[in-house]
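Colleague: pasted the sequence and its predicted model underneath.
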Amino acid sequence: MTKTSKKPADTTPNAILKAFDTLTATADVEHQLAPLANTADATTLDTELTRALNLAHDRWGLGLLHHRHEARLRRDTDTLDVVLLADGREIARLSDGPAAISATYESMRALNADNLSEWGVLPEGHRVTLKGGTGQLRVLIEDARDFETHWNAERGGAYSRTWRDGDTLAIEVHRPASPVTALADAAWDVITSIKDRPLQRQLMERSNSVGMLGALLAARHSGAGRALEALPEAHFTIRSTVLRATGRDARDFDHWKTMLREGVEQLDVLQKTTTRQLAEILSHGLK
C-alpha cells in the first residue's frame, strides 16, 4: 500500500494517476495507471480508471454494486482531477481526499443488523430466499433466468450471495469489517510483536482506555494521528471478493461450488494481507 493520498502538489496526469492508484491500492488492485500517463489517450485512461474503480468496489464490499461506477479524467481550466461517478452522476472527486470520498460512499450504503448490505445487486423482483439444502440453488444456477439470493452464512464469519445477470454468474463472499477494526487488528499485531516487554505492558495497559490503535499512536510522534488520517487506509478496507463466470461455467453448479471455495480462500488471504500491510504502516509509515 502506498503512503499518501493527499492531493498531489502538481496536477499532471502522472501525479493524478499515482493518487488514484493509491486509493485503489486499499483494495489490493494491482493495476497501476500512472505508467500510462504519457502514453495512453484520454479514452483509454477513462476506460482503465473505470475498470480499476470497479475492481476496487468488488473488494471494498460497500454494497454498492447495483450502481454503475465510472471514473474519468476531468480538466477544469488549469486543474486536472479524477471525477467519480455513480449512474452517470458526479458524486466525488479524487482531490476531495479519501475521507470525503469514503463519507460519500458511506452515505449511499444500507446495512442490516449483521452489517450486510440490504441493497440487491439486481433490480427488485429477482431476489429469492433459499430454503435449505442445495437443490434450489442448483436449479437456479442451471436455469437461464436472472436471479439473486439473499446473504447466506459461510465459515469463519463470512457470508455469500449469488446472482445471475444475463450470461454472467457472480458470487460475492463478504466478511463485515471497517477501516477502524482493520487498523485495530494491525495495532494489536504491532504491540504483541514488541520485544521490549515493559513497553509492551505499558501499551497494553494504555489500550484499556484508548484502544489498541490509540495506544500505539500515542507512543509515536505527535503528528502520527494526523498522518494516519491522511492515508486512504484509514478510510477504506477490504470486505469482499467477487468472482464471475460466463458461458457453460455460469450454468454449472459444481463450478459455482469451486467459486465459493475460492472466494472464501481469497477473502481470507486479502484480509490477512491487509492486516500485515497496515501493521507495517503503523510501525514505519507514519512520517
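Modeller: All right, it came through fine.

Colleague: sec struct for the closest residue to Val29 other than its chain neighbours, please.
Modeller: With sequence-adjacent residues excluded and distances taken as C-beta to C-beta, 6 or more residues apart in numbering, Val29 is closest to Leu55, at 4.9 Å. Where you see a C-beta, it was placed from the backbone N, CA and C, and this is true even at glycine. Of the three states, Leu55 takes helix under DSSP: H, G, I helix; E, B strand; the rest coil.

Colleague: quick one: contacts for Leu55?
Modeller: Thr24, Ala27, Val29, His31 (C-beta atoms under 8 Å, 6 or more residues apart in numbering).

Colleague: buried subset of these, written for PyMOL?
Modeller: Buried residues among the contacts of Leu55 (16 or more other C-beta atoms under 10 Å), as a PyMOL selection:
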select buried, resi 24+27+29
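
Colleague: can you list the weak-confidence ranges in the stretch 151-287 of the chain?
Modeller: 221, 285-287 (pLDDT under 70).

Colleague: quick one, domains of this protein?
Modeller: What automatic domain parsing lists as the domains of the chain is 13-107, 127-176+238-276, 179-235.

Colleague: how about the helices in the stretch 51-200 of the chain?
Modeller: 98-107, 135-142, 179-192, 197-219 (DSSP state H, counting those that start in this stretch).

Colleague: now mean neighbour count and distance to Phe20 too, for these, in a markdown table please.
Modeller: Below are the helices of the stretch 51-200 of the chain laid out as a markdown table (neighbours: other C-beta atoms under 10 Å; distance: least, C-beta to C-beta, whole Å):
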| stretch | mean neighbour count | distance to Phe20 |
| --- | --- | --- |
| helix 98-107 | 16 | 11 |
| helix 135-142 | 16 | 36 |
| helix 179-192 | 19 | 19 |
| helix 197-219 | 16 | 27 |
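
Colleague: what mean pLDDT does stretch 131-139 have?
Modeller: When pLDDT is averaged along stretch 131-139, the result is 88.

Colleague: quick one: terminal-to-terminal distance for that stretch?
Modeller: For stretch 131-139, the separation between the terminal residues is 13 Å (C-alpha to C-alpha, to the nearest Å).

Colleague: likewise stretch 233-249?
Modeller: End to end - C-alpha to C-alpha - stretch 233-249 spans 35 Å.

Colleague: okay, buried residues for that stretch please.
Modeller: Glu233, Ala234, His235, Phe236, Thr237, Ile238, Arg239, Ser240, Thr241, Val242, Leu243, Ala245.

Colleague: let me know the closest of the residues you listed to Thr77.
Modeller: His235 (28.5 Å; C-beta to C-beta).

Colleague: ok, that closest one - contacts?
Modeller: Counted by C-beta under 8 Å, 6+ apart, His235 has contacts Thr26, Pro98, Ala99, Ile101, Ser102, Pro179.

Colleague: roughly how far apart are it and Arg59?
Modeller: 14 Å (C-beta to C-beta, to the nearest Å).

Colleague: please apply the same query to Ser178.
Modeller: Taking C-beta to C-beta, one finds Ser178 at 14 Å from Arg59.

Colleague: and Thr24, by the same measure?
Modeller: Taking C-beta to C-beta, one finds Thr24 at 9 Å from Arg59.

Colleague: repeat that for Ser207.
Modeller: 29 Å.

Colleague: again with Ala250
Modeller: Counting by C-beta to C-beta, the gap from Ala250 to Arg59 is 22 Å.

Colleague: between those two, which has more neighbouring residues?
Modeller: Just comparing Ala250 and Arg59: by other C-beta atoms under 10 Å the higher neighbour count belongs to Arg59, 23 against 20.

Colleague: the helices of the stretch 51-200 of the chain: which one's closest to Leu80?
Modeller: Of the helices of the stretch 51-200 of the chain, nearest to Leu80 by C-beta to C-beta is helix 98-107, at 17.1 Å.

Colleague: longest helix of this structure, counting residues only.
Modeller: For the chain, the helix with the greatest residue count under DSSP state H is helix 253-280.

Colleague: which outside residues touch stretch 76-90?
Modeller: 11-13, 16, 19-20, 49, 53, 64, 67-75, 91-95, 101, 108.
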